[in-house]
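**Q** below are the sequence and a predicted model; questions follow.
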Amino acid sequence: MPDVVADGHRLPAHPGRSLLDAVAELGVAVPASCRSSGRCHECVVEVSGGAEQLTPPTEAESFLAHGFRLACQARVARTDRDVVLAVLRRPLRILLGAADAAAAPVALDPAITVERGTVMRGADPIGPRRGPLLGLALDVGTTSVVFELVDLESGAVVHVGGFENPQRFGGSDVMTRIAYERDRPGELRRALRRALNHALAASYRALRVDRHDVYDAVVVGNTTMRDLFFGLDVAPIGAVPFRSVTEAAMRAGGVSTTALARAAHELGMFVHPNAEVFGGPIVGSHVGADAAADLLATGFARRPGVSLLVDIGTNTELVISNGSRMLAASSPAGPAFEGGGVASGMPAVDGAIESVRWEHGDPAWVTIGGADPVGLCGSGLVDALAGALARGLLLPEGRLAPGTERVDLVPGARVGLSRRDVSNLAQAKAATASAARVLMRRLGVVPGDLDRVILAGGFANALDVGNAIAIGLLPPVPPDRVVRAGNASVAGARAMLVSRAARHDLDGLARRIGHVELEAEPDYFELFTDGCRFEPIGPAPRGPCGG
C-alpha cells in the first residue's frame with residue numbers, strides 16, 4: 001500500500017484518514033487549535049507529490065495557493081501512489097548571535113527602566129514588575145523567523161528560537177507575497193502572528209516566565225516582511241520605485257525616519273500588552289531593516305578599508321563601503337538556496353545535507369542532526385555544485401555535462417541535482433554575483449581590493465567559502481578576509497533592544513547609505529547572464545555610468 005510521507009517518515013495511506021491524523025501518528029508536530037474545523041488556518045502543509053490522491057480542497061482552504069493544504073481538511077481518497085508532504089513551521093537549527101568578535105558590544109542602555117517596582121518607558125508606566133525584565137529581538141525573514149529573549153538588565157540572551165515562516169503558502173519570494181496580500185489582505189500577517197505567538201508561548205513555558213515579563217520588542221526584516229508584520233500597505237514595494245510607505249513618507253518630509261513603533265496589543269503579539277514594538281529603519285527600497293541590523297551587529301561603518309557585506313537569502317542584500325562612502329543593493333535571488341525550486345532542496349532542519357565531500361570518487365555527506373538524508377540545504381547545495389564542477393559533471397557554462405541527466409548524492413533516495421535544479425541555482429547565484437559586481441564597479445574597486453567580505457545569516461555560517469568562490473557565489477578573496485557574522489540581523493535587533501543610542505545611531509547610518517537600483521544599470525542583463533556561469537567572479541566591465 002502507498003504511504004503518507006512527511007519529513008522522511010512513512011505511514012500507510014488509509015482511505016478516509018486526514019493528513020492531520022496521519023502526521024500525528026508519525027510523531028510529526030502540526031500546530032492546530034480549532035478541532036479540525038479549518039478555522040484556525042494553522043495546520044498548513046505543502047504537498048509535493050500525490051496531491052491527486054486527496055479529497056478536493058474545501059471552502060476553508062480557499063486562501064491557499066496551489067500545492068498547499070490544511071492537514072485537517074485534506075483526506076486520503078485514493079491509494080495509487082504516495083502522498084508526500086512537508087509541514088510548515090518546522091523548527092530550524094539556529095545559530096546564536098553574531099560570531100564576529102571584532103564587532104564592539106553596545107553599551108547597555110535599554111529604553112525600559114524600573115522605578116519603585118513599576119516598569120517604565122521614559123516617563124510612561126507600563127505596569128508593575130512581576131518577574132524578570134525581558135525583551136524580544138525578532139528577525140522576520142522570507143523563509144525563516146528567528147527570535148531571542150533578552151534580559152534587559154544584563155543584556156544576556158536567555159533563550160533563542162526559530163521556525164520556518166508559515167507565509168510560504170502565499171509565495172516563496174516577496175513579490176508573490178505582495179500579490180497575495182493584495183488579493184487576501186491580512187491573511188499573511190495573521191499566519192505569522194499565530195506561528196510567532198505559538199513559539200513564544202512554548203518558550204515562556206520552558207523558561208517558566210509569563211508573557212507580561214516581556215516589556216519591549218524590536219522587529220527587523222526585509223522591507224516587505226517588516227511592513228507585513230506591522231500591517232502596512234506593501235503594494236508600493238512591489239511597483240516602481242519599490243518603496244515602503246515609510247520611505248515615501250520620509251522622502252516627502254512627513255516623517256523623519258523609516259522606523260516604526262506600535263503597542264504590542266495593536267499587533268496581537270504575545271508579550272506585555274503595553275510593550276512597545278519597534279520596527280528597525282530600512283536602508284531603501286528592498287534593502288530592509290534586516291540589512292541595517294547587520295550593519296549594527298558587525299560594526300560595519302567603523303571598519304577601515306574596503307568591506308562588502310553579503311546577506312544571502314530569498315532577498316539577498318549587499319552593502320559595500322570604502323570607509324567614506326557606502327552603497328547598498330538588494331537582489332531577488334529567489335528561494336533556491338533556501339530549498340525552493342530545487343527538487344531536493346530544503347531548509348536547515350534535521351535530515352538536510354549541509355556538507356558534501358567526494359571521497360574515493362563517491363560523495364560523502366553530513367546531515368543536520370545526524371538524521372537520514374532527506375534533501376540538501378543551502379550549504380549542501382553549494383558543495384554539490386562545486387563537487388560536480390570539479391568532476392566535470394557540471395560545465396562552467398551553467399549546465400550539466402552532455403550525457404549527465406542528474407547528479408545523485410544519496411543512492412536510492414533520489415537526493416541530488418537535476419538539469420532544472422542547476423538552472424534555478426545558477427540564476428539564484430547570478431543575482432548575488434551580479435549585484436556584487438555592480439556595487440564594486442560603482443565604488444571603483446575590484447575583488448582583490450576587498451579587505452573583507454562579511455557573510456551574514458545562518459546559511460553563510462555553514463558555507464564552504466572555497467566552494468562558494470569556485471562556483472561564483474562570492475567574490476574571490478583569500479579565506480582569511482572572510483568574516484562569518486552568524487545571525488547578524490537578530491544580533492542587530494538585540495543591540496537596538498538594549499541600547500537607545502544604537503537605535504539612534506543606526507537611524508542616521510541608514511539615511512547615509514546610497515541605494516543602487518540594479519535594474520537601472522544599462523548592462524545589468526548582460527552581467528546577470530554572465531553570472532549564471534559557474535566560475536569565479538571577475539570585475540564588471542566599466543559601463544556607461546563610469547565605475
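**A** Happy to help now that I have it.
**Q** which SS class is the nearest residue to Asp451 once chain neighbours are set aside?
**A** Using CB to CB, 6 or more residues apart in numbering and skipping residues adjacent in sequence, the residue nearest Asp451 is Gly305, 3.5 Å away. Where C-beta positions appear, they are placed from N, C-alpha and C, glycine not excepted. Secondary structure, DSSP: H, G, I helix; E, B strand; the rest coil: Gly305 is coil.
**Q** need the phi and psi values for Glu181.
**A** Glu181 adopts backbone torsions of phi -60, psi -40, taken as degrees, to the nearest 10.
**Q** surely it touches Gly170?
**A** Yes. The pair Glu181 / Gly170 is scored as a contact, 7.2 Å apart, by CB atoms under 8 Å.
**Q** what touches both of those two?
**A** Overlap of the contact sets of Glu181 and Gly170 (by CB atoms under 8 Å, 6 or more residues apart in numbering) consists of 187-188.
**Q** re the thing from before, contacts only, for the residue nearest to Asp451.
**A** 322-323, 451-452.
**Q** narrow the residues you listed to those in helices?
**A** If you go by DSSP state H, the contacts of Gly305 have nothing in helices.
**Q** strands of the stretch 101-250 of the chain, residue ranges please.
**A** 112-115, 118-121, 124-128, 134-140, 144-151, 157-164, 214-221 (DSSP state E, counting those that start in this stretch).
**Q** for these, which has the smallest mean pLDDT value?
**A** For the strands of the stretch 101-250 of the chain, mean pLDDT drops lowest on strand 157-164, to a mean of 92.
**Q** what's the domain layout of the chain?
**A** Domain assignment for the chain, taken from automatic domain parsing, gives 3-87, 112-292.
**Q** out of the ones you listed, indicate the one that is most buried.
**A** domain 112-292 (a mean of 20; mean count of other CB atoms under 10 Å).
**Q** off-centre distance for that domain?
**A** Distance, stretch centre to chain centre, for domain 112-292: 15 Å (CA atoms, centre = their mean, to the nearest Å).
**Q** and the longest helix for the chain?
**A** Under DSSP H, the chain gives helix 419-443 as its longest helix.
**Q** so what does that one touch, helix or strand wise?
**A** Applying 3 or more CB pairs under 8 Å, 6 or more residues apart in numbering; DSSP states H and E, one finds that helix 419-443 contacts strand 307-311, strand 316-321, strand 326-331, helix 378-390, strand 399-400, helix 524-531.
**Q** what's the angle between it and helix 524-531?
**A** Compare the direction of helix 419-443 with that of helix 524-531 by axes from the mean of the first three to the mean of the last three CA atoms, to 10 degrees and you get 130 degrees.
**Q** on that earlier part again, of all the helices and strands packed on helix 419-443, which one is nearest Val28?
**A** helix 378-390 (21.9 Å; CB to CB).
**Q** correct me, but Val407 touches Arg414?
**A** No. Judged on CB under 8 Å, Val407 makes no contact with Arg414 at a distance of 11.5 Å.
**Q** neighbour count winner among these two?
**A** Set side by side, Val407 and Arg414 show more neighbours around Val407, with 21 against 13, by other CB atoms under 10 Å.
**Q** could you give the bridge partners of that one?
**A** With DSSP bridges as the criterion, Val407 is bridged to Leu417.
**Q** separation between it and Pro31?
**A** 36 Å (CB to CB, to the nearest Å).
**Q** Gly380 now?
**A** Taken as CB to CB, the span from Gly380 to Pro31 is 27 Å.
**Q** likewise Leu134?
**A** Distance from Leu134 to Pro31, by CB to CB: 24 Å.
**Q** same deal with Val438?
**A** For Val438, the distance to Pro31 - CB to CB - is 42 Å.
**Q** likewise for Glu354?
**A** Glu354 sits 26 Å away from Pro31, going by CB to CB.
**Q** could you do Gly231 as well?
**A** 22 Å.
**Q** same deal with Leu463?
**A** 31 Å.
**Q** and the next helix or strand past the lowest-mean-pLDDT helix or strand in the chain?
**A** Within the chain, confidence by mean pLDDT, DSSP states H and E is lowest for helix 458-461 among all helices and strands, at a mean of 76. Toward the C-terminus, helix 458-461 is succeeded by helix 465-470 as the next helix or strand (DSSP states H and E).
**Q** tell me the mean pLDDT for the helix or strand following that following helix?
**A** Next along the chain after helix 465-470, taking DSSP H and E as the criterion, comes strand 482-484. Strand 482-484 shows a mean pLDDT of 92.
**Q** what's strand 482-484 packed up against?
**A** Using 3+ CB pairs under 8 Å, 6+ apart, strand 482-484 sits against strand 452-456.
**Q** could you say what helices and strands the strand it packs on packs with?
**A** Going by 3+ CB pairs under 8 Å, 6+ apart, strand 452-456 lies up against helix 289-298, strand 307-311, strand 482-484, helix 488-498.
**Q** quick one: end-to-end distance for stretch 234-249.
**A** 14 Å (CA to CA, to the nearest Å).
**Q** pull the residues that contact that stretch.
**A** Outside stretch 234-249, the residues within contact range by CB under 8 Å, 6+ apart are 174-175, 177-179, 181-182, 223-224, 226-228, 232-233, 251, 255, 257-260, 282, 284-286, 517.
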